[in-house]
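In: Prediction below, plus the sequence it came from.
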Amino acid sequence: MTREIFLVAYEGKEGDSGLLDYAITRAKRDQARLLLVHILEWSPYKFLTPQEIEERHARRKQEMARAQAAILDPALARVTAAGISGEGRIRYGNVVELVADTAREAGAAMIFVGRAGTQSVAARIFGSVPIGLAQIAPVPTVIVP
């Protein structure tokens, strides 16, 4: 029997423990696995020199290692300690698009995302991650306060 996958769009910021707690509770109840996804925003600059591209690639590897150690590993330890099967992925690019793509690729049954705490003008004009996911996600999206 294949267990359902619940995707957690996890930033690892202050206040995200409620998101992870909720996802763990739901995964226990539904006997699901958790897939924690952390997106590092990265814009592709097409006007960079080959040397600049190589330097960005090196920084990207460092950022990924730092995010794995500081964000995903502690969260996955909490998931495992709760008796839930879980894995983590780090991706680079547009948060909303990559979370939706990852959910589709993994065959996730549901997405959990924390409510954006920002009330900035940019968030109000361009939208937040939860609103973006609510619009394009291939599966139900639960916004956790």
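Out: Nice, I can see it.
In: now the closest residue in space to I136 that isn't next to it in sequence, what's its secondary structure?
Out: Nearest non-adjacent residue to I136, counting by CB to CB, 6 or more residues apart in numbering: A100, 5.1 Å away. Using the backbone N, CA and C atoms, a C-beta is placed for each residue, glycine as well. Here A100 is recorded as helix under DSSP: H, G, I helix; E, B strand; the rest coil.
In: correct me, but A100 touches A134?
Out: No - A100 is beyond contact range of A134, at 10.5 Å (criterion: CB atoms under 8 Å).
In: Give me the more crowded residue out of those two.
Out: For A100 versus A134, neighbours defined as other CB atoms under 10 Å are more numerous around A100 (23 against 17).
In: Run through the residues that contact that one.
Out: 111, 133, 136-138 (CB atoms under 8 Å, 6 or more residues apart in numbering).
In: at 7 Å what do you get?
Out: 133, 136-138 (CB atoms under 7 Å, 6 or more residues apart in numbering).
In: so which of those residues is the most crowded?
Out: That'd be L133 among the contacts of A100, by other CB under 10 Å, with 26 neighbours.
In: Is it correct that that one is in contact with V113?
Out: Yes - counting by CB atoms under 7 Å, V113 is a contact partner of L133 at 5.7 Å.
In: Quickly list what's touching both of these two.
Out: Joint contacts of L133 and V113 (CB under 7 Å, 6+ apart) are T141.
In: Contacts for stretch 65-83, please.
Out: 10, 12, 20, 24, 28, 34, 36, 38, 40, 86, 88, 90.
In: Please indicate which of those residues are buried?
Out: 10, 12, 20, 24, 34, 36, 38, 40, 86, 88, 90 (16 or more other CB atoms under 10 Å).
In: In a markdown table: these, plus secondary structure and distance to F47.
Out: Shown next, in a markdown table, are these (DSSP: H, G, I helix; E, B strand; the rest coil; distance: CB to CB, whole Å):
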| residue | secondary structure | distance to F47 |
| --- | --- | --- |
| Y10 | coil | 32 |
| G12 | coil | 32 |
| L20 | helix | 39 |
| I24 | helix | 44 |
| L34 | strand | 39 |
| L36 | strand | 34 |
| H38 | strand | 28 |
| L40 | strand | 21 |
| G86 | strand | 40 |
| G88 | strand | 33 |
| I90 | strand | 26 |
